[in-house]
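1. Show me the folded form of this:
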Amino acid sequence: MLPGLYISFMTKSMLVNWVYYRPVGHALEGLKVARDYFEADKDLKISVLLNSEMPYEIGALCPWIEKVYIADVKELVEFGLNAKCLEKIPADWDYVVSDDRLMHSLNSYSEELNSANQTIIKYLQAKIWKGNRFFPQYENMPSLKFDTEMRFSLPENAKEFVANYNHDGLKICILPAGSNADRIYPEASWWIKMMESVAKCFPGTRYYMTGAKNKNGNRSESYTFSDDNISQILSEIDNVENCSDIGIVNQIALLEYCDLLISPHSGFAFLAGCVNTPWLSISGARWPEYFYNHIRFYSVLPSCKKYPCYTGMKEECITEMGNGNPVICMSTNELNKKIPDIIEGIKLLKNENFTYQNSIELYQKNVLESGYPLANFWTFDGSFSINTEKFE
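-> Numbers count the residues shown, from 1 in each chain. You can find the predicted model right below:
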């Protein structure tokens, strides 16, 4: 075989550079982008570069990823191209793909993250194409498929860990709060009332309460949900297991073991769809749910017409947070009104005939009827349209 012909058929390499904020949901974005490129060309050898403060070990659960590299943002800002973390990252690839937000939404990057990424982009070299996802659109830009399914492959030891819980009835995973330091999550007293109400409607239900209370390396902890809050729930609810701080891979196995997840908006909740578990979201505050993975879902939407309010929160809510209380849509009084909706959502998600497409159509209908600012909604990877009355 001629040397040139041999080279043309050699396996090509790609690095997806996704050094963004530390929450697990942003790490999932990078893994999902890698999946999109893999589905378009399964001969590609794709690696991913993540922020060292992300839970990067979840990359090992992705069979389509060759290797996960990590970048120390603070080190890159201080030392630039002399940062030691670069020594462990190969510089030469066939394709280098960075986050497209660096092109069209640079204000979503902090000054520190942007500086680190500019150094990374300068360091990485590509033989065929280098750019931000979708840019520049040259002929040799790598092809990708949009909105692909992403499923994790879990290790046996994690499956064995959760098998010890051994419950035959309805199994609901509960994530009481995400990692945001603001008071944008439900209170412990509301979780107790909701869990009691759900258990009355679904006898034999067992809850598995998870989250991270201990900041350990690249972990995002729940700042606003204290040990006292956890103890309060454990003391008042008999049918609940405390599954906090069991390690992220075991937590993902727990999600797979459970029949559904109930939680407010959190990047951790996006993991549920990676193991075929439906998510019932307690929607509210700044951000809409945006990461969908071809798995059934149900969103309990807030009454406030400013939702999602990342473009500007009500002054009353800012005042409430300043007084140490949750924002109004996450207050116990408001959420108590939503418990019947939660029960209806559970009924739907228990019904195998309720499909992913049904979830989309019901969500879009409910959003359109609620009078929210539609321009504030989006989906990662263009999973479906929210700002139109026509389903796509």
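
2. now Lys305, what's its secondary structure?
-> For Lys305, the assignment made with DSSP: H, G, I helix; E, B strand; the rest coil gives coil.

3. Nearest spatial neighbour of it, chain-adjacent residues omitted?
-> Gly371 (4.7 Å; C-beta to C-beta, 6 or more residues apart in numbering). (C-beta placed from N, C-alpha, C; glycine too.)

4. With Ala60 instead?
-> Nearest one to Ala60, counting by C-beta to C-beta, 6+ apart, is Val68 at 7.0 Å.

5. quick one on the thing from earlier: there's contact between the residue nearest to Lys305 and Lys306 in this structure, I believe.
-> No: counting by C-beta atoms under 8 Å, Gly371 stays clear of Lys306, with 9.9 Å between them.

6. out of these two, which sits in the more crowded spot?
-> More crowded of Gly371 and Lys306, by other C-beta atoms under 10 Å: Lys306, with 18 against 11.

7. ok, so what distance separates the more buried one from Lys314?
-> Computed as C-beta to C-beta, to the nearest Å, the Lys306 to Lys314 distance reads 6 Å.

8. likewise Leu362?
-> Counting by C-beta to C-beta, the gap from Leu362 to Lys314 is 27 Å.

9. Other residues contacting the helix or strand where Ser47 lies?
-> Following DSSP states H and E, one finds Ser47 within strand 45-51. Residues from elsewhere that reach strand 45-51, judged by C-beta atoms under 8 Å, 6 or more residues apart in numbering: 11-22, 26-27, 30-31, 34, 37-38, 56, 59, 64-71, 73, 89, 113, 120.

10. Put the buried members of these into a ChimeraX selection.
-> Paste this into ChimeraX to select the buried members of those, with burial taken from 16 or more other C-beta atoms under 10 Å:
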select :12,13,14,15,16,17,18,19,20,21,22,26,27,30,31,34,37,38,56,59,64,65,66,68,69,70,71,73,89,113,120
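
11. give me every residue that touches Val77.
-> Residues in contact with Val77, defined by C-beta under 8 Å, 6+ apart, are Glu112, Ser115, Ala116, Thr119.

12. With distance to Tyr356 and secondary structure as new columns, can these be given to me in a markdown table?
-> Shown next, in a markdown table, are the contacts of Val77 (distance: C-beta to C-beta, whole Å; DSSP: H, G, I helix; E, B strand; the rest coil):
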| residue | distance to Tyr356 | secondary structure |
| --- | --- | --- |
| Glu112 | 38 | helix |
| Ser115 | 40 | helix |
| Ala116 | 36 | helix |
| Thr119 | 40 | helix |
